[in-house]
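*Asks:* Below is the structure, and that's it, no one-letter string:
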């Protein structure tokens, strides 16, 4: 299994530009999570989906952030417009929840976003 | 609300010595506890979990963790540290239902040769 796939691995953009981060979860996983990691705030849960439906987006910092999951094998996190304070590493994670709710989450390698 | 505390930002230990990375939790109901490790420029990797049963849980790379209900702790341990164990370690907890994990802020472990 290829694991959780994220793209791009690195993104450098200028303030005001739109940024789209992509995630392909592990096949068969029915939960998908988006996290943000910074030195100051640690690992923060932004939003998570179950069966492609957003369940809790209370961690999304502002309306500039949006996430979609059009099908079971793809999700996007979009920031528009981007700001320097959005610079962070963004992780996607997935897990199987339908058969055993105590399964661990599997993380992707992350996307390092730098907004200049 | 569930929460996790990792009281140490940094732990230093000499290679070959035992190591402990501390974690305490707060959750209503039975806790489900996890440890993850993050190597530089990588995503988090699952190490071990406690769901029920034996309080001593064994995981990957020789790590183990002890669940202590009275002290609400789930400390990560290894009898003999390796330089390659140097990484960022996260404790996480989940309460009842199929809710997401809540992560601690992480503890940076440095193993010195």
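*Replies:* Good, I have the coordinates. The shown structure was predicted, so the numbers you read here are calculated from the model rather than taken from an experiment.

*Asks:* Just give me the neighbour total for the closest residue to chain A within chain B.
*Replies:* The nearest approach of chain B to chain A comes at residue B:43, 3.6 Å away (C-beta to the nearest C-beta). Backbone N, C-alpha and C define where each C-beta goes, glycine included. Using other C-beta atoms under 10 Å in any protein chain shown, residue B:43 has 21 neighbouring residues.

*Asks:* The lowest-mean-pLDDT helix or strand in chain B and chain A in contact?
*Replies:* One helix or strand of chain B scores below all others by mean pLDDT, DSSP states H and E: strand B:102-103, with a mean of 90. Yes: interface with chain A: strand B:102-103 contributes B:102, B:103 (C-beta under 8 Å from any C-beta of the partner chain).

*Asks:* The residue of chain B closest to chain A is in contact with residue A:111, isn't it?
*Replies:* No: between residue B:43 and residue A:111 there is no contact under C-beta atoms under 8 Å: 10.4 Å.

*Asks:* List the residues that are in contact with both of these two.
*Replies:* Taking C-beta atoms under 8 Å, 6 or more residues apart in numbering or on different chains as the contact rule, residue B:43 and residue A:111 both touch residue A:91.

*Asks:* Give me the pLDDT for residue 93.
*Replies:* Because you didn't say which chain, this covers chain A. With respect to pLDDT, residue A:93 scores 95.

*Asks:* Can you look at chain B instead?
*Replies:* 91.

*Asks:* if we look at the sheet, which residues does it bridge to?
*Replies:* residue B:33, residue B:102 (DSSP bridges).

*Asks:* wait, what's in contact with the residue in chain A that chain B sits nearest to?
*Replies:* Closest approach between chain A and chain B, counting by C-beta to the nearest C-beta: residue A:107, at 3.6 Å. By C-beta under 8 Å, 6+ apart, residue A:107 lies in contact with A:4, A:35, A:91, A:92, A:93, B:36, B:43, B:44, B:45.

*Asks:* near chain A, which residues of chain B?
*Replies:* Checking chain B against chain A by C-beta under 8 Å from any C-beta, the hits are B:32, B:34, B:36, B:41-46, B:49, B:51, B:90, B:94, B:97-98, B:100-106.

*Asks:* Can you say which of the residues you listed are buried?
*Replies:* B:32, B:34, B:36, B:43-46, B:49, B:51, B:90, B:94, B:100-104, B:106 (16 or more other C-beta atoms under 10 Å in any protein chain shown).

*Asks:* which regions of the chain sit below the pLDDT cut-off?
*Replies:* Assuming you mean chain A. Filtered on pLDDT under 70, chain A yields the residue ranges A:1, A:99-101.

*Asks:* Sorry, I should have been clearer: chain B.
*Replies:* B:95-98.

*Asks:* residue contacts, the residue of chain B closest to chain A?
*Replies:* Counted by C-beta under 8 Å, 6+ apart, residue B:43 has contacts A:4, A:91, A:93, A:107, A:108, A:109, A:110.

*Asks:* Is the residue of chain A closest to chain B bridged to anything, and to what?
*Replies:* Going by DSSP bridges, residue A:107 forms beta bridges with residue A:93.

*Asks:* do the same with residue A:12
*Replies:* With DSSP bridges as the rule, residue A:12 is bridged to residue A:114.
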